[in-house]
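Peer 1: For reference, the sequence and a predicted model appear below.
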Amino acid sequence: HLLLHGVGSTAASWLDVMGRLTGLGPVVAVDLPGAGRTVPPDRRAARPEAHARLLGPLVRALGLERAVVHGWSMGGLVAVLLAAREPHRVERLVLANPVLPGPLSALGVLGWQTVGRLALVAGAPLARWLLRLLVRLMVAKGTMPTSRPELLGGDLARMSPEMVPARIKASR
């Protein structure tokens, strides 16, 4: 059994399952590049396609002739890609909440390759700029929650006396 975790987690996410699976044979849970203490060689290495390419030689090196590959979340996509690359090594797939892309039309593919890439590149800086602008406007209007604790449900009367001056000073 080869266990593949999702994005933002590690092989440790499988600890509850591993004990039960050992009765069925060897169990291997790997930290994919970029997870846990692993460092990807470059930023493109922490992608599902790169993970699937890495796992083929790993499965061979471990001597797993036929593996049941379990994929959770993005690990499900990696499992599917591994099965496509190494069909003779994957006996079965067990997918839990897999992140699998839906079918795209030719126009949809073109859209993601052009407008989609632009949105992914420009989206984060634009969102940061808009958030800074929004915060400035809220502070200028006095509607920023830190300047008015009652907007957060806070009650200055319930705060310790030492904190009230610090809270008021921090909000200015």
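Peer 2: That came in fine, so what should we check first?
Peer 1: Let me know the distance separating Val69 from Ala122.
Peer 2: Counting by Cβ to Cβ, to the nearest Å, the separation of Val69 from Ala122 is 37 Å. In this view, the C-beta of every residue, glycine as well, is placed from N, C-alpha and C.
Peer 1: cool, and Gly36?
Peer 2: To Ala122, Gly36 is 31 Å away according to Cβ to Cβ.
Peer 1: How about Val68?
Peer 2: Val68 sits 42 Å away from Ala122 when distances are taken as Cβ to Cβ.
Peer 1: Strands of this structure, residue ranges please.
Peer 2: With DSSP state E, the ranges of strands along the chain come out as 2-4, 28-30, 67-72, 90-96.
Peer 1: Throw those strands into TSV and include mean pLDDT, mean neighbour count and distance to Arg136, thanks.
Peer 2: Conversion of the strands of the chain to TSV gives the following (pLDDT from 0 to 100; neighbours: other Cβ atoms under 10 Å; distance: least, Cβ to Cβ, whole Å):
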stretch	mean pLDDT	mean neighbour count	distance to Arg136
strand 2-4	95	24	44
strand 28-30	92	19	46
strand 67-72	94	23	41
strand 90-96	94	15	44
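Peer 1: okay, those strands in JSON lines with distance to Arg47 next?
Peer 2: As requested, the strands of the chain are arranged in JSON lines below (distance: least, Cβ to Cβ, whole Å):
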{"stretch": "strand 2-4", "distance to Arg47": "14"}
{"stretch": "strand 28-30", "distance to Arg47": "16"}
{"stretch": "strand 67-72", "distance to Arg47": "15"}
{"stretch": "strand 90-96", "distance to Arg47": "18"}
